[in-house]
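> Below is the sequence, then the predicted model.
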Amino acid sequence: MFARIEDTQGKLYLLDSAAVLNDEHFSFCPSCKYITTAEIVMEFKDARSKALVDNALQAGVLSIREPSVPALKKAKETAKELGTKGLSEADLSIAALAIDLSARKPIIITDDYSLQNILKALEIEFRPALQEGIKEVKKFRK
């Protein structure tokens with residue numbers, strides 16, 4: 001199951017590393033807008049994904065933006081309320097950026113189930129890259 005990227009002028013996608021790392025056929029839609037965080041960009045270590053991301057940055061299709069401190073706090077609080085464990089700083093940065101940009105109705109591309117859980121709880125749309133996405137919010141208890 002590949003993330004369906006709509007070739008719609010101005011559509012906003014927030015990119016988790018899974019979209020590029022898990023999907024060897026991933027390509028950037030030239031008429032769409034992609035944003036990610038510096039923490040996510042640091043996860044691209046292989047030559048293919050680094051080149052793809054560097055080219056998108058140079059072409060202006062992808063940009064890097066950092067989330068606000070209040071949005072990062074909200075993402076962490078949501079993760080704590082749900083009992084979600086194992087989130088990296090990169091995961092939290094994308095969740096927070098999604099909160100910051102929620103008025104623009106971004107679509108987050110991620111295969112990370114913990115991140116999907118937070119996004120679902122916050123009612124932010126996501127699409128999996130290759131995996132089947134979660135269907136409902138899960139609360140984890142000790």
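Alright, I've got the coordinates. Numbering: from 1, shown residues only.
> How about stretch 31-41, which residues are buried there?
Using 16 or more other CB atoms under 10 Å as the test for burial, stretch 31-41 gives 32-37, 39-41. Just so you know, the C-beta spots here come from the backbone N, C-alpha and C atoms, and that holds for glycine as well.
> Let me see the residues that make contact with the worst-scoring helix or strand of the chain on mean pLDDT.
Scoring the helices and strands of the chain by mean pLDDT, DSSP states H and E places helix 17-22 at the bottom, with a mean of 85. Outside helix 17-22, the residues that touch it by CB atoms under 8 Å, 6 or more residues apart in numbering are 3, 26, 40, 43-44, 46, 49, 52-53, 90, 109-112, 129-131.
> Go again with 7 Å.
Residues lying outside helix 17-22 but in contact with it, judged by CB atoms under 7 Å, 6 or more residues apart in numbering, are 3, 26, 40, 43-44, 49, 52-53, 90, 109-112, 129-130.
> likewise stretch 91-104?
With CB under 7 Å, 6+ apart as the test, stretch 91-104 has contacts from 12, 14, 16, 35, 37, 39-40, 65, 67-68, 71-72, 74-76, 106, 108, 112, 114-115, 118-119, 122, 124.
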